[in-house]
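**Student:** Fold the stuff below for me.
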Amino acid sequence: MSTESDLRDQIRAFLADHDPVAMSTAEFNSARFDAGLAAVHYPVGHGGLGLSRSLQPAADEEFAKGGAPALDPRRNVIGLGMAAPTIIAFGTDEQKSRWLKPLWTADEIWCQLFSEPGAGSDLAGLGTRAVRDGDDWVVNGQKVWTSLAHEADRGLLLARTDPDVPKHAGLSYFVVDMHGPGVEVRPLRQLTGQAEFNEVFLTDVRVPDADRLGDVGAGWRVAQTTLMNERVSIGSGRAAAREESAIGFAAAAWRAHPERRTRELHQRLLKLWAEAEAARLAGERLRQQIAAGEPGPEGSAAKLTFARLNQEIASWEIEFNGADGLRYDDWTMRRGTASDYARGPGYRYLRSKGNSIEGGTSEVLRNIIAERVLGLPSEPRTDTGVAWKDLPR
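**Tutor:** Next up is the predicted model:
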């Protein structure tokens, strides 16, 4: 099967045999995965048909017409957006069989254990150690800014397995049981009062070598797949309708409150609206470009634009709301699983400050774009060829 028509026919036949009204959501989604219709670009035998990503919208449309339950990517945003592509690219058949189905059905929630207190922007400088002990690795260290860690069943872990080589070469990539002994999760309260993020302490955590993704020492290469997918996921990972993003809140406020309008605010809103629409269309083009392959550094540009626009739109909203824009609904710390941008302009303004940090800081992304997209000379680096253990910290 290779055409859109063939795919639609297969989905109609599946729906004829699996009535979503007569089945529970869990049963239906399980059968859908087993039929290779979870995500058409997933490998054959592991939830997919090995087709191009470009056919997924047709599949989603056909399932929606048949009354199938919609898959909410927010339930397992890291699992679907970052873990799944990494497992598909580097996992063994056994690992794909173990992890992809419960990940897709959200029976297992995933998080990402990358950033550390001493290695945020310089991710390759991380110090969490994994030491081989027979068929296991013993992990000790601390991670920070870990979204969903308080709900996660598994975590994508980048750790140092060889301190005697340059920092990029001494890393390996693992999948950690977040409920295992030695894993401690503590909430981090944000500017908004929410606690979406966490710090995670790993003390003598044993990880089976069977839960390693990629070769020993090849962790940086595996991590790049995760990071590139993360940036695309944040910057342009989901097809959005016009005014469905942050600009929609600003446009709605403008229409609802003519008494607050000024010429200067109107001009700024028009400029932001046009930029948001250009970013939306560029995101759609990027999704089409990566439909048949891995995302490249272009995803960094999408994420960089997303962060800047969100912050500028949120600032416009605060100004448009005048004194009311300074009000905030609730500072109570609450355990969140995702950002709640519908809470109001005050929340959106405060939350947008994190957009230029999460998923790669804007400064690092500008370097990536400069070097890998524009072909500009690299910044001088003093750690090239130097063993990690000999670097100043």
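
**Student:** Now the residue nearest to residue 163 when sequence neighbours are not counted. Its backbone dihedrals?
**Tutor:** Nearest residue to residue 163 in three dimensions, chain neighbours excluded: residue 389, at 4.2 Å (Cβ to Cβ, 6 or more residues apart in numbering). No exception for glycine: its C-beta is placed from N, CA and C like everyone else's. Torsion angles at residue 389 (phi, psi; degrees, to the nearest 10) stand at phi -60, psi -20.

**Student:** Residue 389 reaches residue 162, doesn't it?
**Tutor:** No - Residue 389 is beyond contact range of residue 162, at 9.5 Å (criterion: Cβ atoms under 8 Å).

**Student:** residues contacting residue 270?
**Tutor:** Contact analysis of residue 270 by Cβ atoms under 8 Å, 6 or more residues apart in numbering lists nothing.

**Student:** any idea how far the helix or strand containing it is from the chain center?
**Tutor:** Taking DSSP states H and E as the definition, residue 270 sits inside helix 263-289. Per Cα atoms, centre = their mean, to the nearest Å, the displacement of helix 263-289 from the mean C-alpha position of its chain is 22 Å.

**Student:** What residues of that helix count as buried?
**Tutor:** For helix 263-289, a neighbour-count test (16 or more other Cβ atoms under 10 Å) marks 268-269, 272-273, 275-276, 279-280, 282-283, 286-287 as buried.

**Student:** Can you tell me the SS state at residue 185?
**Tutor:** Using DSSP: H, G, I helix; E, B strand; the rest coil, the secondary structure recorded for residue 185 is strand.

**Student:** What about it, how many residues nearby?
**Tutor:** When neighbours are counted by other Cβ atoms under 10 Å, residue 185 registers 18.

**Student:** Bridged to it, which residues?
**Tutor:** Beta-bridge partners recorded for residue 185 (DSSP bridges): residue 200.

**Student:** ok, now how distant is it from residue 207?
**Tutor:** As judged by Cβ to Cβ, to the nearest Å, residue 185 and residue 207 stand 16 Å apart.

**Student:** and what of residue 252?
**Tutor:** Residue 252 sits 48 Å away from residue 207 when distances are taken as Cβ to Cβ.

**Student:** the more surrounded of the two?
**Tutor:** residue 207 (21 against 11).

**Student:** quick one: average pLDDT of the helix or strand in which that one is found?
**Tutor:** Residue 207 is located in strand 197-208, with elements delineated by DSSP H and E. What strand 197-208 shows for mean pLDDT is 97.

**Student:** Equivalent analysis for stretch 94-109, please.
**Tutor:** On average, stretch 94-109 scores 95.

**Student:** buried residues in that stretch?
**Tutor:** Neighbour-count burial for stretch 94-109, with 16+ other Cβ under 10 Å as criterion, is recorded at 95-96, 98-106, 108-109.

**Student:** What is whichever strand or helix holds residue 313 packed up against?
**Tutor:** Assigned by DSSP H and E, residue 313 belongs to helix 298-320. With contacts taken as 3 or more Cβ pairs under 8 Å, 6 or more residues apart in numbering; DSSP states H and E, helix 298-320 sits against helix 219-236, helix 246-256, helix 263-289, helix 345-352, helix 362-368.

**Student:** ok, and what's touching the fourth one?
**Tutor:** Residues lying outside helix 345-352 but in contact with it, judged by Cβ under 8 Å, 6+ apart, are 190-192, 246, 249, 253, 307, 310-311, 313-315, 317-318, 321, 325-329, 339-341.

**Student:** ok, 7 Å please
**Tutor:** Residues outside helix 345-352 that contact it (Cβ atoms under 7 Å, 6 or more residues apart in numbering) are 191-192, 246, 249, 310-311, 314-315, 317-318, 321, 325, 327-329, 339-341.
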